[in-house]
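Participant: Provide a 3D model corresponding to the input given below.
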Amino acid sequence: MADEETLISSSQTKNRSFARCASHSHDELQGFRTWLKWLCVDQSTHWSACLSWFVFFALAIVVPAVSHFVLTCGADCDSFHSRPYDAVAQLSLSGVAALSFICLSTFVRRYGLRRFLFFDKLRDESETVRNGYTQQFNRSLKILFVFVLPCFAAESAYKIWWYTSGGTRIPFLGNAVVSNTVACVLELCSWFYRSMVFFLVCVLFRLLCYLQILRMQDFALVFQVNSDVETVLREHLRIRRHLRIISHRYRAFILCALFFITASQFSSLLMTTRPNADVNLYHSGELAVCSVSLVAGLLILLRSAARITHKAQAVTCLASKWHVCATIDSFDTTETETPVTRMVEERMFSATCSEGSFDLDDVGDEEDELDNSKFVPMYTHSTISFQKRQALVTYFENNRAGITVYGFMLDRSSLHTIFGLELSLVLWLLGKTIGIS
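Facilitator: Below is the predicted model of the structure:
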C-alpha cells in the first residue's frame, strides 16, 4: 500500500512539473538555458537580451565586415593569400545567422522556452513519449556539435595557416604577432557563433519533429486495443494541431532559409565558373566549408519535415489495415461458416504471420509500430461497426497531416520537386558559364 502511494505521489509530482507553462531558472531546462547563456543567445531577462543583441551585432556583422574590408592583404598579396570569394562566404553565413537569430529570439520571447519546446504538453503524453523526448533533448547538444565541430576544425586550420603565413601585416596593437592572434581568434569566434546559431535552430526543429514521431508511434497503439472511434479521432486531431503549430512557427524560417541558401549556392557557383576564376584550395577552401555548413543545415530541416510527414501519412495505411482485419474477423465469426473452414483459415493465417516474422529480419529499422507489415489484432469487431470504421478511414484519407509551408506539404514528393528545380537551375547556370548543355 505504501509503495502504491509513493508511485501515485511521484506521478502527480511529475505531472505538475510538466504542467507548468512559465519557465524559471531552476526547472528541467536549467542546463540547456545555461548553455544558451554561454552562447549569448539567452533572452530570459532584459540584461541578457541586451547582451545577446550586442554579441550578435559584434560577431555576426562587425567582425565579418572588418575582416573583409580591413584585414585582407592589399595589392602586394601573393596568389595564395588572396581571398576572391570572401565576400560571398561572409554574406552567406552572416545572412543565415541573422535569420536564425531573429527567429530564435522571436520564438523565446513570444512563447517561452518550455512552451516552445512543448514541455508544457508532455503532461498529456505517455511515459514512453516523455522518456524518449527527454533522452532526445539531452542528445541534441551532441548532435549540434557533431555538425559544427568538423566544419569549425577545417575553418580553424585555414585561418591559422592564413595568419601565420603572412596573410595580413597590419599591426593594430603595435605587435604583428599579437595583432594577428587577436584577429584570428575574433574571426574564429565569429564563424563559430554564426554557424552555431544556425545549426541550433535546425536541431531544435529536428527535436520538435522527433517529439511528433514519438507521439505518432504511441498513437499507433490505439489500433491494437479495444478503442472507440471517438478516442482515435480526438487523438489524431490533437496531433494535427501540434503539427500545425510547428508549421506555423517554422514556415517563415524554412522558406527564407531555402531561398537564401539557394541564392548563396548559385552565387558561389557563378563566381567559381567564370572564365578567369582561379579555383584552388587556398582561394575557395573557406567558401567550400561555408557551403557545406549551410547545405547540411538545410538538409536537417527538409529531412526532419519529410520524415514526420511520412509518418503522419502512414496513419492512413495503418487505419486501412486495421479496418480490413476487423472486417475479415467479423465475417469469420459468423455462424454461416463451418468449423472445418474456420480451422483451415486459422492455420493459413498462422502460416502467413510466421512467414512475415522471417521477413522482418531483412527490413532493419525501417518498420515500427506505425509503418509495418504486421497484422493488426482483432479487438474491434464486437464494439465498432463497419460504418464507423469506414468513416474513420475516409477521414484519414482526406485529412493528411504533416509539416506545411504556407499550405504546401513538405513530403518526399516536395523534396523531389525541390531537387529537380535546383538541378535545372544548376545545369542552366553551367550552360551559361562553361558551356555545359
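Participant: where in the protein is pLDDT low?
Facilitator: 1-28, 72-81, 166-174, 226-227, 329-384, 429-437 (pLDDT under 70).
Participant: if you set the cut-off to 50 instead, what comes out?
Facilitator: Scanning the chain for pLDDT under 50 picks out the ranges 1-2, 4-5, 7-8, 13-14, 16-21, 25, 334-360, 363-364, 380-382, 437.
Participant: show me where it has its strands.
Facilitator: 404-405, 408-409 (DSSP state E).
Participant: phi and psi next, for residue 275.
Facilitator: The phi and psi values for residue 275, taken as degrees, to the nearest 10, are phi -60, psi -40.
Participant: show me how far stretch 403-415 is from its chain's centre.
Facilitator: With C-alpha atoms, centre = their mean, to the nearest Å as the basis, stretch 403-415 stands 14 Å off its chain's centre.
Participant: please apply the same query to stretch 190-210.
Facilitator: Centroid displacement of stretch 190-210 relative to its chain, using C-alpha atoms, centre = their mean, is 9 Å.
Participant: re the thing from before, any chance of the strands of the chain in JSON lines, plus mean neighbour count and distance to residue 247?
Facilitator: For every residue, glycine as well, the C-beta is placed using N, CA and C. Below are the strands of the chain laid out as JSON lines (neighbours: other C-beta atoms under 10 Å; distance: least, C-beta to C-beta, whole Å):
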{"stretch": "strand 404-405", "mean neighbour count": "18", "distance to residue 247": "5"}
{"stretch": "strand 408-409", "mean neighbour count": "15", "distance to residue 247": "9"}
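Participant: kindly reformat those as a markdown table containing distance to residue 52.
Facilitator: A markdown table is the format used below for the strands of the chain (distance: least, C-beta to C-beta, whole Å):
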| stretch | distance to residue 52 |
| --- | --- |
| strand 404-405 | 28 |
| strand 408-409 | 33 |
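Participant: quick one, which of these gets closest to residue 156.
Facilitator: strand 404-405 (35.3 Å; C-beta to C-beta).
Participant: what does that closest one rub up against?
Facilitator: Outside strand 404-405, the residues that touch it by C-beta atoms under 8 Å, 6 or more residues apart in numbering are 244, 247, 251, 254, 255, 410.
Participant: redo that, cut-off 7 Å
Facilitator: Residues from elsewhere that reach strand 404-405 (C-beta atoms under 7 Å, 6 or more residues apart in numbering): 247, 251, 254, 255, 410.
Participant: stretch 246-265 too?
Facilitator: By C-beta under 7 Å, 6+ apart, the list of residues contacting stretch 246-265 reads 92, 95-96, 99, 103, 107, 201, 205, 208, 291, 294-295, 298, 301, 403-406, 422.
Participant: what's the answer for stretch 235-245, then?
Facilitator: Contacting residues not belonging to stretch 235-245 are listed as 212, 215, 216, 219, 222, 312, 315, 401, 402, 403 [C-beta under 7 Å, 6+ apart].
Participant: what's around the third one, how many residues?
Facilitator: Residues contacting residue 216 under the criterion other C-beta atoms under 10 Å number 24.
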